[in-house]
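Undergrad: Quick one: sequence plus predicted model below, questions after.
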Amino acid sequence: MKPCLMFWVLVLLGGAIPSQAQTAYRPTVQLTDLLGLRFFPQSGLFQFDGLQIAFPKAGETYSLELRRAGGAVIYKVGLDLQEVSGFPAFGWLNPQERGSDKFKLSEGGKYELAVRMGSQEIGVVAFEARATDSGDAFNPGKTFRLVGHWDRWAYLYTRDGEPNARLYVVGWVTDSEFGPNRSDRWVTVQITKGGSVLCKSEVFVDAPHWSRYRFDVARPNSNAPCTLADLQKADGEYGLEFRSKARLLRKFNFRVANKQIQRIPRNTLPYLSANWGGIPSKLVNSDLQLQETFWFEASR
C-alpha cells in the first residue's frame, strides 16, 4: 500500500523492433504512462522517463509534443524506439536527446500531450493548467494546478495467466481533493458487490499533483490478498469505489459475466485492431513480467 511510483523502467536491449513484430493491431502508448508523467506544480515542469508502447512498428519516427488545445505546438521531442527483450509486442519510447525529458509550462490554459508515430497520434491526454501568481514582488512566479482526466480512470492488474495471484488497483489521486486536515488524506479503495465489500485497501495521499497510487487490496475480514479468481467467482454488477472517510470521491462500475470481467470497448483487442486510441489489456512491468489489466471509466 504505497504510491505507485513505478514508471515501468524496463531492462531493455538496444536495437530495432524485430520485423515480425505485431502488425495486426494499431500501435498505442500505454495510458498509464501518459497519465503518469511527473509534474511539479511549483515550477510547471513535466518530466518523463520513457513511455511503453504496445504493437510498435519498426522504421517509423516517434515524437512527444505539448501543444495548446487544437493549436500550436510549444514543445516537441523525438523518441527512439527500443525493444523489450522477450516481448516483441511491446517497445519503449525514450527521448533522443539528453535533457529533453523535461518541458515546462509558462502560463495557464488548455493543453494536449500527444505521442505521434509519423503524422498519426497513438496516444493523447487533454488537460487544463490553472496558474496562480505568487503575489510576492520579491519572489515572483506561478504555481500550477492541473485539471483533466486523471480522476476518470482506474484499473485492476495481476500477473498474466495467474488468476490466483494477488490483485492490485491503480488510480490517480491528488491532495487538492481534500481539506487542510492531513488526517483526511487517507483514501480507501473498495470493491463491492450488492452492498458487500469484497476487497479493500487504503493509502495516504501526499502528492500536490495527480499521482498514480497502487492499492494492495485484501479481504476486509482476513486481510488475505484478493485475487482475480475471487472477483470472477460470481456473475453480476460490481463497484470500485474511491473514498475519503465517508465521502465518495468517485466510483467505477463493472460487470462479471460468464466468470469473466467485462472490459470496456477501448480495452479490447478488437478495438485495437480497428481503431486508434485503444488501451492495451497487457503491459510489461519492471521485472519483465507480463501483467493483465482491466481498465474502468468513472461513473461519477
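TA: Looks like it arrived, so ask away. Numbers count the residues shown, from 1 in each chain.

Undergrad: Need the residue closest to the centroid of this structure.
TA: For the chain, residue 32 is the residue whose C-alpha lies nearest the centre (C-alpha atoms, centre = their mean; 2.0 Å).

Undergrad: Give me the contact list for the helix or strand harbouring residue 122.
TA: Using DSSP states H and E, residue 122 falls within strand 120-133. With contacts defined as C-beta atoms under 8 Å, 6 or more residues apart in numbering, strand 120-133 is touched by 26-31, 34-35, 44, 51, 53, 69, 105, 107-116, 140-149, 276-277. Using the backbone N, CA and C atoms, a C-beta is placed for each residue, glycine as well.

Undergrad: list the buried ones in it?
TA: 121, 122, 123, 124, 125, 127, 129, 131 (16 or more other C-beta atoms under 10 Å).

Undergrad: next one: stretch 42-61
TA: Burial within stretch 42-61, assessed by neighbour count using 16+ other C-beta under 10 Å, is assigned to 44, 46, 48, 50, 51, 52, 53, 54, 55, 56, 57.

Undergrad: Point out the least confident one among those.
TA: Among these, residue 48 has the lowest pLDDT, at 86.

Undergrad: To what extent is the closest residue to that one other than its chain neighbours buried, counted in neighbours?
TA: Residue nearest to residue 48 in three dimensions, not counting chain neighbours: residue 37, with 4.8 Å by C-beta to C-beta, 6 or more residues apart in numbering. Residues near residue 37, counting by other C-beta atoms under 10 Å, number 20.

Undergrad: before we move on, back to that, quick one: which of the buried residues of stretch 42-61 is nearest to residue 256?
TA: Relative to residue 256, the closest of these is residue 54; by C-beta to C-beta it sits at 24.9 Å.

Undergrad: My read is that residue 206 contacts residue 187, right?
TA: No - Residue 206 is beyond contact range of residue 187, at 10.9 Å (criterion: C-beta atoms under 8 Å).

Undergrad: more crowded one of these two?
TA: Legend: neighbour count by other C-beta under 10 Å for residue 206 and residue 187, higher for residue 187 (21 against 12).

Undergrad: Would you mind measuring from that one to residue 263?
TA: Using C-beta to C-beta, to the nearest Å, residue 187 is found at 25 Å from residue 263.

Undergrad: Let me see the ranges of the helices in the stretch 151-300 of the chain.
TA: Residue ranges of the helices in the stretch 151-300 of the chain, as given by DSSP state H, counting those that start in this stretch, are 228-231, 269-274.

Undergrad: Most tightly packed of those helices?
TA: Neighbour counts (mean count of other C-beta atoms under 10 Å) averaged over each of those peak at helix 228-231, with a mean of 19.

Undergrad: Roughly how far does residue 125 sit from residue 48?
TA: 12 Å.

Undergrad: swap that for residue 148, please
TA: On the measure of C-beta to C-beta, residue 148 and residue 48 end up 16 Å apart.

Undergrad: And residue 68, by the same measure?
TA: Residue 68 is 19 Å from residue 48, where distance means C-beta to C-beta.

Undergrad: again with residue 242
TA: From residue 242 over to residue 48 the distance is 25 Å, taken as C-beta to C-beta.

Undergrad: Then residue 176?
TA: Counting by C-beta to C-beta - residue 176 and residue 48 are separated by 22 Å.

Undergrad: what ranges do the strands span in the stretch 51-200 of the chain?
TA: In the stretch 51-200 of the chain, the segments counted as strands under DSSP state E, counting those that start in this stretch are 51-54, 62-68, 73-84, 87-95, 102-104, 109-117, 120-133, 142-148, 153-159, 168-173, 186-193, 196-204.

Undergrad: now the second one and strand 109-117, what's the angle there?
TA: Using axes from the mean of the first three to the mean of the last three C-alpha atoms, to 10 degrees, the interaxial angle of strand 62-68 with respect to strand 109-117 works out to 160 degrees.

Undergrad: what's the closest of the strands of the stretch 51-200 of the chain to residue 234?
TA: strand 186-193 (7.2 Å).

Undergrad: Tell me the helices and strands packed up against the closest one.
TA: Packing partners of strand 186-193 (3 or more C-beta pairs under 8 Å, 6 or more residues apart in numbering; DSSP states H and E): strand 168-173, strand 196-204, strand 236-244.

Undergrad: Provide the strand pairings for the first one, with the direction of each partner.
TA: Going back to what we said before, that points to strand 168-173. strand 153-159 (antiparallel), strand 211-215 (antiparallel) (DSSP bridges).

Undergrad: Mind putting those strands into JSON lines with distance to residue 183?
TA: Formatted as JSON lines, the strands paired with strand 168-173 follow (distance: least, C-beta to C-beta, whole Å):
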{"stretch": "strand 153-159", "distance to residue 183": "24"}
{"stretch": "strand 211-215", "distance to residue 183": "18"}
